[in-house]
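Undergrad: Okay, sequence plus prediction incoming.
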Amino acid sequence: MAAASSHAIAKLLLTLVLLQALMDSAAPACSVDAIYSFGDSIADTGNLLREGPVGFFSSIGSFPYGQTYEKPTGRCSDGLLIIDYLAMALNLPLINPYLDKTADFSSGVNFAVAGATALDRTYLLQNAIIMPPGNMPLSSQLDWFKSHLNATCPSQEDCAKKLGRALFLVGEIGGNDYNYAFFQKRSIEAVKSYVPQVVKSIMDFTKEVIELGATQIIIPGNFPIGCSPSYLSLFSVAGSADHDERGCLTSYNSFAAYHNEQLQAAIDNLRKANADISIVYADYYGAFLHLLDHASVLGFNEGSLLKACCGSGGEYNFNINLMCGGLGSNTCADPARHVSWDGIHLTQQAYRAMALSLLMEGFAQPGESVQKIWSC
């Protein structure tokens, strides 16, 4: 009873802190009028759903996806995503997906597509990496963005003014380039060789949006994938010394950290060449580990931190051949006490905690740029 009471108090405190943060950030005259989002399923608010999801994503258009939000939206979660909380903290409405042609895009557009890669299909196929049909890499999302500008900007000056007061969220992206390779049994050393190309693709994209007029940009790093139920289920070896004190796979987390180091070095170089542009690195890796380390205080069940809420059994409640929403899968009673939603993506509660860490706890840097963006 005492434990249940402490969890309830912790959740209430987290809610009050977040609401206060949102209220503080939601005053009039924010420096951002719109958000333009690019990336994969971590940020997709409905594009893949309108394209026709297949494979891993075939169930995102029906319950239990969206159950906390009370309707499936195409988000790969039980509810909202990090981008939704970032928008709310700017006093903006939730950002609509580009493929919703009836939507209001006055506050920005979400071009992210679940399953998307940083690298083009040609490069991946040349390296014998198979991906789902209809993959919309960063280059295709950039084409969508340019088409949107052509259709909505009366003049180049109007575009420059509009984009100058917009926030660009570039990612998380690159995770699928690695996921597809790892899930096809590529070694960590082999996949490491793709990292320079993935980082270059992200940088080339960012340079293009800067040329188009972007002045405020957030580039997230990769998650600690060794803590994901999907990786734990697929790559854990009985008796191995690869698990750390949290139960995560050290080798795969080291790989993700390597990607993030290369990405941060490239961002530093981009900042030097664009001193007048605000470029923020969002440390998803650190924010996620912070969440795990403070799980109890944040209201999560410590006994299920590495288990999917929605899955089909096993130690991590994940089976790549029977994903969440498939016939025979099960869903936990309270997603808000779970970190992982379906073994690959997080729950709304986990995304909310991460958004708070990015805005309030120093996991997005430089801090001065974060304060300026959210100075309402």
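TA: Thanks, I have it. Numbering: from 1, shown residues only.

Undergrad: so who does the residue nearest the centre of the chain touch?
TA: The chain has I42 as the residue nearest its centroid, 3.0 Å off, counting by CA atoms, centre = their mean. By CB atoms under 8 Å, 6 or more residues apart in numbering, the contact set of I42 is 76, 81-82, 112, 171-172, 175, 220, 345. For glycine as for every other residue, the C-beta is placed from the backbone atoms N, C-alpha and C.

Undergrad: Quick check: mean pLDDT of the host helix or strand of I210?
TA: Assessed by DSSP states H and E, I210 sits inside helix 195-212. Mean per-residue pLDDT for helix 195-212: 98.

Undergrad: for the record, mean pLDDT for stretch 280-294?
TA: 98.

Undergrad: on that earlier part again, in its sheet, what does the helix or strand following the helix holding I210 sit against?
TA: Reading on from helix 195-212 to the C-terminus, the next helix or strand found by DSSP H and E is strand 216-220. Strand 216-220 pairs in its sheet with strand 166-170 (parallel), strand 278-282 (parallel), by DSSP bridges.

Undergrad: and these as JSON lines, adding distance to N269 and mean neighbour count?
TA: Output for the strands paired with strand 216-220, formatted as JSON lines (distance: least, CB to CB, whole Å; neighbours: other CB atoms under 10 Å):
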{"stretch": "strand 166-170", "distance to N269": "15", "mean neighbour count": "26"}
{"stretch": "strand 278-282", "distance to N269": "10", "mean neighbour count": "22"}
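
Undergrad: Show me what the nearest residue to R271 once chain neighbours are set aside bridges to in the sheet.
TA: Leaving aside its sequence neighbours, R271 sits nearest to I279 (CB to CB, 6 or more residues apart in numbering; 5.3 Å). Following DSSP bridges, I279 is listed with bridge partners I217.

Undergrad: mean confidence score for stretch 352-372?
TA: Averaged across stretch 352-372, the pLDDT comes to 97.

Undergrad: Please export the C-alpha coordinates of it as PDB.
TA: Taking C-alpha atoms only, stretch 352-372 is exported to PDB below (Å, rounded to 0.1, in the frame of the first residue of the first chain):
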ATOM      1  CA  ARG A 352       6.800  12.900 -21.600                       C
ATOM      2  CA  ALA A 353       9.500  12.300 -19.000                       C
ATOM      3  CA  MET A 354      12.200  12.600 -21.800                       C
ATOM      4  CA  ALA A 355      10.700  15.800 -23.100                       C
ATOM      5  CA  LEU A 356      10.800  17.300 -19.600                       C
ATOM      6  CA  SER A 357      14.500  16.200 -19.300                       C
ATOM      7  CA  LEU A 358      15.300  17.900 -22.600                       C
ATOM      8  CA  LEU A 359      13.600  21.200 -21.600                       C
ATOM      9  CA  MET A 360      14.400  21.300 -17.900                       C
ATOM     10  CA  GLU A 361      17.300  19.100 -17.000                       C
ATOM     11  CA  GLY A 362      20.100  20.000 -19.300                       C
ATOM     12  CA  PHE A 363      19.900  17.100 -21.800                       C
ATOM     13  CA  ALA A 364      19.600  19.500 -24.700                       C
ATOM     14  CA  GLN A 365      22.700  21.700 -25.300                       C
ATOM     15  CA  PRO A 366      23.700  24.400 -25.500                       C
ATOM     16  CA  GLY A 367      21.400  25.400 -22.700                       C
ATOM     17  CA  GLU A 368      21.300  29.100 -23.700                       C
ATOM     18  CA  SER A 369      19.800  28.100 -27.000                       C
ATOM     19  CA  VAL A 370      17.200  26.000 -25.400                       C
ATOM     20  CA  GLN A 371      16.200  28.800 -23.100                       C
ATOM     21  CA  LYS A 372      16.000  31.200 -26.000                       C
END
